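Colleague: got a predicted structure plus its sequence, pasted below:
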Amino acid sequence: MSPFATLFLRDVRLAARSGGSAALALSFFALVATLVPLGVGADLHLLARVAGGILWVAAVLAALLSLDRLFQGDYEDGSLDLIALSPLPLELTALAKIVAHWLSTGLPLTLLSPVLALLFNLPPGPSAILFASLLIGTPAVSAVGAIGASLTLSLKRGGLILPLIILPLLAPAVIFGAGAVSLALDGLGSSQALGLLAAFAFGAMLLSPFAAAASVRLNLGG
Amino acid sequence: MNWLFRYANPHEFMRLSGAVLPFTVIGTALCLLAGLYLGFSAPPDYQQGRTVLLLFIHVPAATMAEMAYGAIAVCSLLSLVWRHPLSDIAARAAAPLGALFTALGLITGSLWGKPMWGTYWVWDARLTSFLLLLFLYLGYMALWNAIEDEIRAARAAAILALVGVVNIPIIKFSVEWWNTLHQGESIVSGKLAPVFLAPLLLLMAAYGFLFASLWMVRIRTAILERRARTLMQQGVP
């Protein structure tokens, strides 16, 4: 098996077995979605209106939860040093970790979103758009998040500073993702928003492995 | 690039900045006084009345807020590519100033928004992207402060600054796509009456000189601090 696939499978297995970060992220996602109607009231029209934005924000926050473990666990127990010594370039290491993170948080969140959209009284059409936008956009969350995770990996309390660093950078994803749902609710075409979201996600996936690898390198003292 | 590297030497920088600093301070004072005088003596705007005065302190603050990020980005690039310690110091010194100008732009903007738009805050494209810019500054400063090892902190902050530079145009575009109410640019396109343009340009110069002065003072302080620390470590009483 190639080093990339080995690392990728290892990270997915770690996410699934130790602590179950996917289950935690899913529960957090569902909990935020449960608290919102308690806060803004049970008006179904209002809930349908805000569903896209709320679920997008909740998904970004839920994906943040497990980001600080993306590199930090491997850094603390020393395996990151060994991974860095392997023939796999650090850029591809970062990419493998990003894809594994997406598979263990972004994808489950996306799969759960139609159920939560139902609770928010989102009609089937916009709900499908929400599903599509999360499917397209959550890789960008993992990718941009990996930059923040690698920059803060040597910090004991990096989890506190990580959101401050990456949430402003993720504003475009939330805008295009939630915007696509609003457009669909108004009966307008949302392909432009989805296209822009896809462009943002591709750009993030393309550039963030380089930024993440550079910051892993500096934290390993290279 | 050789001329640049000559001044990247802290000794050279101390000598040069010490010579330039009095002039930028005097420039700040002169431009500020002249600009404020012309601003206060300008006639009230036919629509905005006296609140047009806010134009003179709001627009330069917003411009400097963006320029300061540009300065940080250039210093970060120099630091990542050529590893000049001085550019790390310069990038770090510019961040609080940029955050301050961003906050000033937001505050004066919201004070201007109350009489003009009837509300202190609207979720308009420019206001929102400036709020995000403020958070970018805060995150950048927090990262600097969080990492203890100075060399690592400098390189991590530089990477973050460059990621921010790539992302800022995207943020601006996305926020504009999302909502727009703020008026467009009216200086270069010549829509601003000369009686308002003169004080505005003077105050822009004043803010620019002010930024340059404060930036130099902060860099000089950081260099002196480093020297003091080195002397302490060498056991000089």
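Modeller: Nice, thanks for sending it over.
Colleague: just give the nearest non-adjacent residue to the closest residue to chain B within chain A, would you?
Modeller: Ranked by CB to the nearest CB, the top residue of chain A for proximity to chain B is residue A:172, at 3.8 Å. C-beta: built from backbone N, CA, C; applies to glycine. Excluding the flanking residues, the one nearest residue A:172 by CB to CB, 6 or more residues apart in numbering or on different chains is residue B:174, at 3.8 Å.
Colleague: confirm residue A:82 sits in a helix?
Modeller: Yes - judged by DSSP: H, G, I helix; E, B strand; the rest coil, residue A:82 forms part of a helix.
Colleague: could you report the pLDDT at it?
Modeller: On pLDDT, residue A:82 comes in at 85.
Colleague: the residue of chain A closest to chain B touches residue B:178, doesn't it?
Modeller: No - with contact defined as CB atoms under 8 Å, residue A:172 does not count as touching residue B:178 (9.3 Å).
Colleague: the more surrounded of those two?
Modeller: More neighbours surround residue A:172 than the other of residue A:172 and residue B:178, with 28 against 21 (other CB atoms under 10 Å in any protein chain shown).
Colleague: next helix or strand past the helix or strand encompassing that one?
Modeller: Using DSSP states H and E, residue A:172 falls within helix A:171-185. Beyond helix A:171-185 in the direction of the C-terminus, DSSP H and E gives the next helix or strand as helix A:191-219.
Colleague: if you count neighbours, what's buried in that next one?
Modeller: Across helix A:191-219, burial judged by 16 or more other CB atoms under 10 Å in any protein chain shown covers A:193-194, A:196-198, A:200-201, A:203-205, A:207-216, A:218-219.
Colleague: next, count neighbours for the residue in chain B that chain A sits nearest to.
Modeller: Relative to chain A, the nearest point of chain B is residue B:174 (3.8 Å; CB to the nearest CB). Residue B:174: 25 surrounding residues under other CB under 10 Å.
Colleague: distance check, it against residue A:18.
Modeller: 36 Å (CB to CB, to the nearest Å).
Colleague: can you report how many residues lie near residue 75?
Modeller: Reading this off chain A. Neighbours around residue A:75, by other CB under 10 Å: 20.
Colleague: let me rephrase: I mean chain B.
Modeller: 24.
Colleague: could I get the contacting residues of it?
Modeller: Contacts for residue B:75 (CB atoms under 8 Å, 6 or more residues apart in numbering or on different chains) come out as B:87-88, B:90-91, B:94, B:158.
Colleague: please name the nearest non-neighbouring residue to it.
Modeller: residue B:91 (3.7 Å).
Colleague: do residue A:189 as well
Modeller: That would be residue A:183: by CB to CB, 6+ apart, it lies 6.8 Å from residue A:189.
Colleague: my read: the one you found touches residue A:194, true?
Modeller: No - the pair residue A:183 / residue A:194 is not scored as a contact, 9.3 Å apart, by CB under 8 Å.
Colleague: common neighbours of those two, please.
Modeller: residue A:129.
Colleague: got the contact list for the residue nearest to residue A:189?
Modeller: So residue A:183 contacts A:129, A:189-190, A:193 (CB under 8 Å, 6+ apart).
Colleague: can you give me how far the lengthiest helix in chain B is from the chain middle?
Modeller: The longest helix of chain B (DSSP state H) is helix B:194-233. The chain centre lies 10 Å from the centre of helix B:194-233; the measure is CA atoms, centre = their mean, to the nearest Å.
Colleague: so for that helix, mean pLDDT?
Modeller: 88.
Colleague: what's that helix packed up against?
Modeller: With contacts taken as 3 or more CB pairs under 8 Å, 6 or more residues apart in numbering or on different chains; DSSP states H and E, helix B:194-233 sits against helix B:10-41, helix B:53-82, helix B:85-117.
Colleague: which strands or helices does the last one pack on?
Modeller: Contact here means 3+ CB pairs under 8 Å, 6+ apart; on that basis helix B:85-117 packs against helix B:10-41, helix B:53-82, helix B:125-146, helix B:150-178, helix B:194-233.
Colleague: before we move on, the earlier item: narrow the contacts of residue A:183 to just the buried residues.
Modeller: A:129, A:190, A:193.
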